[in-house]
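S.K.: got a sequence here, can you model it:
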Amino acid sequence: MSPTTTGTPRRWLGLALIAAAQFVVIMDTSIIGVALPDMQAALGFTPESLSWVFTAYVIAFGGLLLLGGRLSDLFGARRVFLSGWIILAAGSLLAGAAGNVAVEIAGRAVQGAGAALIAPAALTLLMALFGGTPELPKAFAVYGAAAPIGGTAGVFLGGVLTEYASWPWVFYVTVPIAALVIALTPMALPAIAGQRGSVDLVGAVTGTAGLAAVVYGIVRAPETGWAAPETLIALGAGAVLLALFFFAQARSRQPLLRLGIFRAPQLGAANLAQLLLGAAWVPMWFFLNLYLQQVLGAGAFAAGAALLPMTLLIVLGMTLVAPRLLARFGAKALIVAGFAFLAAGLVWLAFARPDGSYAVDVLPASLVAAFGMALAFVPSLGTATGAARPEETGVASGLVNTSYQIGSAIGLAALTVLSSAIAAGGSSAEALTGGYAAAFIGAAVIAAVGGIIAAATLRGRRAASTEDVELVGADA
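M.R.: Got it, this is the predicted structure:
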């Protein structure tokens, strides 16, 4: 995809809007955590149904990402980007104004649907702005850094808003951001022409429903049990629907996901790297937050603040360090090294003590893990997006976002089961710490496997010029 002719200042404003999309999409998954007890009291959630405030968003987001990518290719990325923000703002207003459980869950699902349109369109727009330019690695770095900032800001803002305002504001805070992005988008982002074609309705229904069923089964399994009928039915139905999806894609003239896209060099390996990054990183962040609050006794505000050094390192690593190393060593070396640092940091976290301290047991290990994430995320994301045909950038963007989200859901669900089994229902600091340590070791194994697979499947060479890294190591 050739770069847009948009002027340089406006192009960087466009990048700011694209980064805002990544920031908000991730923030909306984490900002609700601190507010859940207040929401439960106000709306009448049962302990069993409260998880749906999170699950509804994840299912809609993960299930609709591929469709969002296809719509971006067909109708133009800017148009779909704007539509996603409008839907996200509407869902935020609905969730904040909810007076009962059903409306709250519906609002969260609408938010997820909006995010599923925004995320793939944002990556397509990034490629339109910076593809084929020397600034592409830097643009990907800014985009990638917005994710951990959004996750940390969600925890931090959730605590502030719940304590000093009220729980609906964890949803309302998205609305002014959406309004600003919608107002600035026409002047800052290029109007990409859509392609001729139609939406593959069979593929859209089977693919979306199949992914939604799989995500539902994975997310619910820690609560209901992996052998429970509800879990088995959901996973079985998801498997059947996804099989039908791939069968339909193989026969369709205008498929939602052209299966030949996986023959693109590096695309499959880079998507697998993103899946395993999500499976290792998100559980680490989740259990680290629990360790800070439930073992070390930090409040919600203090726990969010404790994650800020890790976020700052990721931002600096993605924007300053990773692009320079990428230009010198190529994508494969950074991805493998990133997985290695992430695994090392996770193993270090597993030695956290029940009577430990933030400075000794959390800070140094979390910084090592964060540095690994900063190295691996940007080149794997850029490789997965840049390996596709220009006319399939939206689908490739939806695919890589789906890989990361599915990996996150699988990793968190599996390691939650492992942590619960080791803790054996205990609530003492020793029992909880033992469970969290097991989760950290499990995540370290996932990261180590990711590094081994990346080393075996990604093609590697040393990049010697700017042109070598224009696609963030897409052919490195």
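S.K.: could you use CA atoms for every contact and neighbour count after this?
M.R.: Noted.
S.K.: where are the low-confidence patches of this protein?
M.R.: For the chain, the stretches flagged by pLDDT under 70 are 1-8, 47-48, 51, 194-197, 265, 300, 387-388, 390-392, 394, 460-476.
S.K.: can you list the domains in it?
M.R.: 1-199, 263-476 (automatic domain parsing).
S.K.: residues near residue 99, how many?
M.R.: Residue 99 is flanked by 14 other residues according to other C-alpha atoms under 10 Å.
S.K.: possible to save the domains of the chain as TSV with distance to residue 226?
M.R.: TSV is the format used below for those (distance: least, C-alpha to C-alpha, whole Å):
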stretch	distance to residue 226
domain 1-199	16
domain 263-476	9
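S.K.: out of those, which gets nearest to residue 241?
M.R.: domain 1-199 (12.1 Å; C-alpha to C-alpha).
S.K.: centre of the chain to the closest one, how far?
M.R.: 11 Å (C-alpha atoms, centre = their mean, to the nearest Å).
S.K.: what do you get for stretch 331-338?
M.R.: 19 Å.
S.K.: thinking again about what came up before, looking at the domains of the chain, which is closest to residue 253?
M.R.: domain 1-199 (9.7 Å).
S.K.: now residue 98, what are its backbone angles?
M.R.: phi -60, psi 140 (degrees, to the nearest 10).
S.K.: how much space between it and residue 161?
M.R.: Counting by C-alpha to C-alpha, to the nearest Å, the gap from residue 98 to residue 161 is 17 Å.
S.K.: same check on residue 359?
M.R.: Distance from residue 359 to residue 161, by C-alpha to C-alpha: 27 Å.
S.K.: who has more neighbours out of these two?
M.R.: Between residue 359 and residue 161, counting by other C-alpha under 10 Å, residue 161 is the more crowded of the two (19 against 10).
S.K.: in which helix or strand would I find the more buried one?
M.R.: Assigned by DSSP states H and E, residue 161 belongs to helix 136-164.
S.K.: with just CA atoms, put the helix or strand just after that helix into CSV.
M.R.: As assigned by DSSP H and E, the chain's next helix or strand after helix 136-164 is helix 169-172. In CSV, the C-alpha atoms belonging to helix 169-172 read as follows (Å, rounded to 0.1, in the frame of the first residue of the first chain):
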residue,chain,number,x,y,z
TRP,A,169,-18.3,7.2,34.7
VAL,A,170,-16.1,4.3,33.8
PHE,A,171,-18.3,4.1,30.7
TYR,A,172,-19.0,7.8,30.2
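S.K.: which outside residues touch helix 169-172?
M.R.: Helix 169-172 is contacted by residues 28, 31, 32, 35, 92, 93, 95, 96, 157, 158, 161, 162 when judged by C-alpha atoms under 8 Å, 6 or more residues apart in numbering.
S.K.: of the residues you listed, closest to residue 128?
M.R.: residue 28 (26.1 Å).
S.K.: who are the neighbours in contact with that closest one?
M.R.: Applying C-alpha under 8 Å, 6+ apart, the residues near residue 28 are 154, 171.
S.K.: quick check: phi and psi at it.
M.R.: Residue torsions, per degrees, to the nearest 10, at residue 28 are phi -70, psi -20.
S.K.: now it: how far from residue 245?
M.R.: 29 Å.
S.K.: swap in residue 338?
M.R.: Distance from residue 338 to residue 245, by C-alpha to C-alpha: 34 Å.
S.K.: likewise residue 437?
M.R.: From residue 437 to residue 245 the distance is 39 Å (C-alpha to C-alpha).
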